[in-house]
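1. Predicted model follows, preceded by the sequence.
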There are 2 protein chains.
Amino acid sequence: MIGGGAAGLGSAGGVKASDPTAEVVVYTQFEDVAYSPCGIPYVHGGEIESFDKLILAGKQAYVDAGIDVHYETEVSAIDTAAKTVTVSGEGVIKYDNLIIATGFDYADPGVPGTELSGLYYVKNIRRAAEWDKVISETKRAVVIEASPLGLEMVTALAHRGVETHVVDPNPYALAMMADPDIMAPVQDSWVEMGAHLHFNTTLEAFLGDENGKLRAIRTSGPDGSVELPVELAVVATHKTPNNTLAEAAGIKLGSTGGIIVDERMKTSAPNVWAAGDATEIPHGLTGVPLQGLTGSHAYAQGKVAGANAGGGDRSYRAVYVPWGTPAGKWVIGGASFGETTATALGIPYVLGVGEGISRARYYPGVQKIKIKLLAEPKTLRLIGAQMVGGGEGIKERADFLATAIKFGLTLRDLAAMENVYSPAIGALNEPIATAATNGVANAEKG
Amino acid sequence: MIGGGAAGLGSAGGVKASDPTAEVVVYTQFEDVAYSPCGIPYVHGGEIESFDKLILAGKQAYVDAGIDVHYETEVSAIDTAAKTVTVSGEGVIKYDNLIIATGFDYADPGVPGTELSGLYYVKNIRRAAEWDKVISETKRAVVIEASPLGLEMVTALAHRGVETHVVDPNPYALAMMADPDIMAPVQDSWVEMGAHLHFNTTLEAFLGDENGKLRAIRTSGPDGSVELPVELAVVATHKTPNNTLAEAAGIKLGSTGGIIVDERMKTSAPNVWAAGDATEIPHGLTGVPLQGLTGSHAYAQGKVAGANAGGGDRSYRAVYVPWGTPAGKWVIGGASFGETTATALGIPYVLGVGEGISRARYYPGVQKIKIKLLAEPKTLRLIGAQMVGGGEGIKERADFLATAIKFGLTLRDLAAMENVYSPAIGALNEPIATAATNGVANAEKG
């Protein structure tokens, strides 16, 4: 495997599951494997007390499992004809099967000043621990783009008492995937937390002082060209697949820059597999290739790629993308796409909206939840969903709705769904059913 | 309508939805409607601060909706041929359509001493407020049967600092529906909370003092015949349908004593409909009639019965019974049936068990969850599920699994399900998928 993240380690485990005698070597450029990078923003935010908590397994666990991890090791070339990789300090190494799990990089902001110190790309746990000390001494920070990571970092910095700005060229946060009405309460809560939102605003430059340290950013937005003094910039631009190696080796990439894989996670090259953020996977309904899914996807893909590389026969199918994340004082989530994406793709839909509650109205801790369901106009088959709420049940409903989309359930099916009613854990009316009932009524009105 | 509970009021609303001009009269023997009786145990337990919180809508709300509620009014007879009901203080009243929503009674304990004071049947909100004062002065109480209500009341009384005993003839709590391994942690937590559990123990008598007040119960169990001094007995025997009226009117009852209804909630008598605990509904897989479902079921059935009585055409289908409730320090739940019921019905099954967590392992508030999935041995179609956990996501997973059963999803489908991974709200591995993967492996082993 090239890569020691969820995809790389998932595939190492997958190979061993198919063939316990296989010799498995994982190359990683980092000092560690098997920690949860997804937890980093929450340590910064103070919800998790230390970076140590994010370590999942000691290095010995991999030794014990027969997985040979080469740390701080760069792979500089792949030769798919000779079936070799060129490894720093090791030379040219032969493989029977290669799994590419090289992950992502943040897109280059493409503006002057990226060489300055004070730009933080959230990724590596050791760097994160160093940056955490910087955050402690930071008064003003900016998050570049309200991406999924950007959302988490705005919330984290605001929690830490830093004067936090967010700059994004779109009219609202997470505009590439979420609908504006879902994001409105999130943005309101950021303002309550003291964050400053700069939407419809383009980053023009990072500006440095005489020591090469970030002192401000320059943006152009509704108020013209503005200079915003900040000591720290979290670069949360979108993820791009880290495929320099694969591309140089002639392995076929798709429109997103991700490696094209078949259902068995095989690339265009013989005996070369790929998994995780380096790949692209078709959306289950539209076939549109998606890139930059979650750690859970990467791990599952890795297991399939590894199992097949080890001689097994498993497949990984198109995805319906349940997602969810805390954002400000809310939790948002969904499955497949919302109105914004449907409209952008020209997909017609019927909409059902429901507002509900997570427990009985009178039970302490009850939280609001708003659910939007999108369905095919004629069949009323569910094609997408988005939610915002206090948090309870968002993740589980997103999982349910992704499965409902995959199996062709309709708004009528969901309107008639049974639900648990027990005051401490569920309300009389399930908000999914309420939204579906509204959607059926909207469809019948035409 | 006869009955002012969830089924009666649901059907009143259902009629008005179909025919806004319909004259709708609801007869109830109680002083109130539209409160949540399901919340009563949680007021007793102190989780909810007062009974007032359980009131959903003032009486005026029904007046405004054109629903004429006759409070403290007994219906003493139904004549389905003459299409009349005999109402206390009103005489013989003509109807075009009648909806029977007479609910349940607790099964008679069938032992001497039920006439004593100190026996509490949890049902009416005004009585509950009076009993709450009694609980405040109670040192020792017994809950008769570890039924769903019994579970809630054991927990509530233990919370209130009462020395709480539970007596049940079965070997463990909720033995009619839950599996012993699901209930084991619940029972352990009751013991931690100071409750005393008497299983395999039969109630023989309530014993009174010279003033006709309960002073003890007598039981026979593993230790022979025992006298247990208590001041209060919560009678939480199973629910029986309250069908004296329907039976006298010649309306067909089923094997559970519930009124038999068709898919439109119509009874055997012309223009007579029924909903809620007074009816029986076939289980979606087995066709076995079920009686005593939840308030959510009663309300949904009422809406269908009402809509049809008002001239509409809606149907209510067989049920897959998602359920859930707090119990001790845990939350339990499931869908359809578990191993105990499957075994009792002679239904073969493959079992998959998974243990998982509700958030990332390192995220504060993370809770354990154990999931058991039962599937048809050949097709691996899901036929039942049971869970126990800290609470997060139990209700939503039960809803999902009930729908998965209804739509014929298999363990393979669930093993491949996508899930949200975001540290604060969901773990890398979804426990449903873990349980399903285990089930597939068990099936493949044979």
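-> Everything's here; your move.
2. Return the set of buried residues in stretch A:48-67.
-> A:48, A:51, A:53-56, A:62, A:67 (16 or more other C-beta atoms under 10 Å in any protein chain shown). C-betas here are computed from N, CA, C, even on glycine.
3. Max pairwise distance over these: which two?
-> Greatest spatial distance among those (C-beta to C-beta): A:Ile48 and A:Ile67, at 26.7 Å.
4. Double-check that A:Gln187 belongs to a helix.
-> Yes - A:Gln187 sits within a helix when classified using DSSP: H, G, I helix; E, B strand; the rest coil.
5. and it, how far is that from A:Tyr121?
-> 24 Å (C-beta to C-beta, to the nearest Å).
6. With neighbour numbers in mind, choose between these two.
-> A:Gln187 (22 against 16; other C-beta atoms under 10 Å in any protein chain shown).
7. you'd agree the more buried one is up against A:Tyr172?
-> Yes - between A:Gln187 and A:Tyr172 a contact is recorded at 6.6 Å, counting by C-beta atoms under 8 Å.
8. And the residue nearest the centre of chain A?
-> Nearest residue to the geometric centre of chain A (C-alpha atoms, centre = their mean): A:Thr294, 4.3 Å.
9. residues touching it, list them.
-> A:38, A:323, B:420-422 (C-beta atoms under 8 Å, 6 or more residues apart in numbering or on different chains).
10. So what's the residue count around A:Ala233?
-> A:Ala233 sits with 26 neighbouring residues when counted by other C-beta under 10 Å.
11. Tell me the secondary structure of the residue nearest to A:Gly113 when sequence neighbours are not counted, please.
-> Nearest residue to A:Gly113, sequence neighbours excluded (C-beta to C-beta, 6 or more residues apart in numbering or on different chains): A:Phe206, at 3.0 Å. With three-state DSSP as the basis, A:Phe206 sits in strand.
12. got a list of what the residue nearest to A:Lys329 when sequence neighbours are not counted touches?
-> Distances taken as C-beta to C-beta, 6+ apart place A:Ser189 nearest to A:Lys329, at 3.8 Å, with adjacent residues excluded. Counting by C-beta under 8 Å, 6+ apart, A:Ser189 makes contact with A:327-330.
13. 10 Å instead?
-> By C-beta atoms under 10 Å, 6 or more residues apart in numbering or on different chains, the residues touching A:Ser189 are A:155, A:158, A:195, A:327-330.
14. Show me where the stretch 51-200 of chain A has its strands.
-> A:67-70, A:75-79, A:84-87, A:91-94, A:98-100, A:104-106, A:119-120, A:140-144, A:163-167, A:196-198 (DSSP state E, counting those that start in this stretch).
15. actually the stretch 301-446 of chain A, sorry about that
-> For the stretch 301-446 of chain A, strands defined by DSSP E, counting those that start in this stretch occupy the ranges A:323-327, A:330-336, A:350-357, A:368-375, A:382-389.
16. which of the ones you listed sits most buried?
-> Most buried of the strands of the stretch 301-446 of chain A, by mean neighbour count (mean count of other C-beta atoms under 10 Å in any protein chain shown): strand A:330-336, with a mean of 29.
17. can that one be found next to chain B?
-> Yes - using C-beta under 10 Å from any C-beta of the partner chain as the criterion, contacts between strand A:330-336 and chain B involve A:331, A:333-335.
18. Does anything pack onto that strand? Which helices or strands?
-> Strand A:330-336 is packed against helix A:148-159, helix A:180-192, strand A:323-327, strand A:368-375, strand A:382-389, helix A:394-406, with contacts defined by 3 or more C-beta pairs under 10 Å, 6 or more residues apart in numbering or on different chains; DSSP states H and E.
19. cutoff 8 Å now
-> Strand A:330-336 makes packing contacts with helix A:180-192, strand A:323-327, strand A:382-389, helix A:394-406 when contacts are defined by 3 or more C-beta pairs under 8 Å, 6 or more residues apart in numbering or on different chains; DSSP states H and E.
20. surely A:Thr439 meets A:Pro377?
-> Actually, residue A:439 is Gly rather than Thr. No - A:Gly439 is beyond contact range of A:Pro377, at 10.4 Å (criterion: C-beta under 8 Å).
21. Compare those two (neighbour count), which wins?
-> Applying other C-beta under 10 Å to A:Gly439 and A:Pro377 shows that A:Gly439 carries more neighbours, namely 27 against 12.
22. For that one, give its distance to chain B.
-> For A:Gly439, the distance to chain B equals 16 Å [C-beta to the nearest C-beta, to the nearest Å].
23. same question, A:Gly408
-> Where chain B is concerned, A:Gly408 sits at a distance of 9 Å (C-beta to the nearest C-beta).
24. Quick check: beta-bridge partners of the closest residue in space to that residue that isn't next to it in sequence?
-> Counting by C-beta to C-beta, 6+ apart, A:Arg381 is the residue found nearest to A:Gly408 once chain neighbours are left out, at 5.4 Å. Taking DSSP bridges as the rule, A:Arg381 bridges to A:Thr410.
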